[in-house]
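Participant: Please work out how this folds:
(one chain, ligands or ions: 1)
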Amino acid sequence: MKIDGKPYRSIWHDAAGTVQIIDQRWLPHELRIVPLQSRAEFAVAIRDMWVRGAPLIGAAAAWGMAVQMEHDASDASLAETWQVLHETRPTAINLRWALNEMRSLLTPLPPSQRAAAARRRAIEICDEDVEINRRIGENGLAIIRQIAARKNGRVNILTHCNAGWLATVDWGTATSPIYHALAAGIDVHVFVDETRPRNQGAQLTAWEMNHHGVSHDLIVDNAGGHLMQHGEVDMVIVGTDRTTSQGDVCNKIGTYLKALAAHANGVPFYVALPSPTIDWTVKDGVKEIPIEERTGAEVTHVQGRDAQGKVGLVQISPDGTPARNPAFDVTPAHLVTGLITERGVCSANTTAMAAMFPDLQG
Ligand SMILES: CSC[C@H]1O[C@H](OP(=O)(O)O)[C@H](O)[C@@H]1O
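Facilitator: Have a look, this model is predicted:
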């Protein structure tokens with residue numbers, strides 16, 4: 001997408017072939033672009049959320065493998081790199097998907113051919129992500145159009161966390177239908193959940209909406225149910241970090257509560273789902289998906305900019321306050337109105353998903 005009129009992706013390789021990323025920790029206050037030039041730097045960038053978002057995590061891991069193959073393309077290096085990058089974050093399935101893609105491609109090749117092949121595949125994975133998300137936008141646009149026609153007016157959409165272009169290589173997943181609707185001249189308004197504790201909504205989605213000219217309000221996470229009760233939300237669109245073969249949706253913590261509120265108020269709850277985010281090996285999301293537990297410091301402290309323009313952390317709870325910080329939750333399939341995929345919209349159930357992706361069945 002564009003930043004001040006200049007097109008960007010969240011990750012790219014420059015003319016010298018060096019991988020560059022937007023270090024999202026400093027948004028919205030500073031646009032910091034940094035190179036990643038070693039496996040260790042890719043691992044830190046994923047683990048510490050310089051780059052985040054399921055598809056972008058996968059793309060970064062693919063590039064991390066490609067960069068490592070340029071340093072050491074041995075079998076041992078390939079195996080170690082899969083492990084080092086895989087253990088950076090446990091929940092988003094795209095990380096494992098991308099690493100498996102690279103391992104399957106590289107293992108049968110002689111080490112001398114691995115670096116070039118890995119770079120080509122990393123570039124492909126990024127380009128595929130952009131096209132998948134563009135198609136999700138088109139498929140989600142059809143739903144927004146239907147609501148706009150029924151209402152003959154503004155479509156109010158609530159989204160949680162950041163499933164925007166910053167969470168992918170471009171377009172975003174949940175935001176792609178919103179961007180397509182704006183381009184189609186549909187009057188859309190977005191309620192942006194701040195999304196405690198990392199505030200990806202307040203810091204990233206609000207920044208995206210502002211730069212793209214999308215009408216929006218930032219809201220606290222706890223306001224969504226109230227707005228739904230009062231008929232102010234026409235649909236919810238969220239992203240996902242892992243969706244199971246039966247349609248259970250793992251996403252940022254708090255998504256489940258939004259789904260419950262939507263179900264209680266008859267608000268359609270859609271999940272923007274690129275196919276690499278489907279974990280076909282898992283059925284029951286609540287029982288089987290590993291939920292990342294991050295440091296309690298993300299709960300007891302919050303990052304922001306002070307009156308002097310300095311970006312830093314402030315403590316919001318007493319010294320030594322213990323905190324729990326599960327980073328994701330699972331929305332059972334029965335609370336999901338539909339899955340907006342790159343191939344179309346399908347119900348969140350085994351039969352519909354298998355019919356949509358017959359070629360991806362184990
Ligand atoms: C398009 S997937 C975005 C997905 O990833 C986010 O998690 P995190 O920021 O911790 O990587 C969140 O769950 C978003 O919905």
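Participant: From now on I want contacts and neighbour counts done on CA atoms only, so please keep to that.
Facilitator: Noted.
Participant: Ramachandran angles for the residue of the stretch 201-350 of the chain at minimum distance from the ligand?
Facilitator: Here the residue of the stretch 201-350 of the chain nearest the ligand is residue 252; by CA to the nearest ligand atom that distance is 3.6 Å. Per-residue torsions, residue 252: phi -50, psi 140 (degrees, to the nearest 10).
Participant: so what's it up against?
Facilitator: 160-161, 240-241, 327-329 (CA atoms under 8 Å, 6 or more residues apart in numbering).
Participant: Look at the residue nearest to residue 219 when sequence neighbours are not counted and report its pLDDT.
Facilitator: Spatial nearest neighbour of residue 219, excluding adjacent residues (CA to CA, 6 or more residues apart in numbering): residue 193 at 5.2 Å. Among the per-residue scores, residue 193 holds a pLDDT of 98.
Participant: Assess the claim that residue 134 and residue 171 are in contact.
Facilitator: Yes: between residue 134 and residue 171 a contact is recorded at 6.3 Å, counting by CA atoms under 8 Å.
Participant: Tell me the spacing between the residue nearest to residue 219 and residue 280.
Facilitator: Residue 193 sits 29 Å away from residue 280, going by CA to CA, to the nearest Å.
Participant: Which one's more surrounded, those two?
Facilitator: Set residue 193 next to residue 280 and count neighbours by other CA atoms under 10 Å: residue 193 wins out with 28 against 20.
Participant: if I pick the more buried one, what's in contact with it?
Facilitator: Contacts of residue 193 (CA under 8 Å, 6+ apart): 158-161, 201-202, 218-221, 224.
Participant: Please repeat the previous calculation with a cut-off of 10 Å.
Facilitator: 158-162, 199-202, 205-206, 217-224, 254-255, 258 (CA atoms under 10 Å, 6 or more residues apart in numbering).
Participant: could you pick out which of the residues you listed are near the ligand?
Facilitator: Under the cut-off given by CA under 6 Å from any ligand atom, the ligand has 161-162 from the contacts of residue 193 close to it.
Participant: Would you list the buried entries among the contacts of residue 193?
Facilitator: 158-162, 199-202, 205-206, 217-221, 224, 254-255, 258 (16 or more other CA atoms under 10 Å).
Participant: Which of these fall in helices?
Facilitator: Using DSSP state H, 200, 206, 224, 255, 258 are the members of the buried ones among the contacts of residue 193 that sit in helices.
Participant: Can you tell me which residues in the stretch 51-200 of the chain are near the ligand?
Facilitator: 52-55, 161-163, 167-168, 172-173.
Participant: which of those residues has the most neighbours?
Facilitator: Going by other CA under 10 Å, residue 173 tops those with 36 neighbours.
Participant: Which secondary structure state does that one sit in?
Facilitator: Under DSSP: H, G, I helix; E, B strand; the rest coil, residue 173 falls in the coil class.
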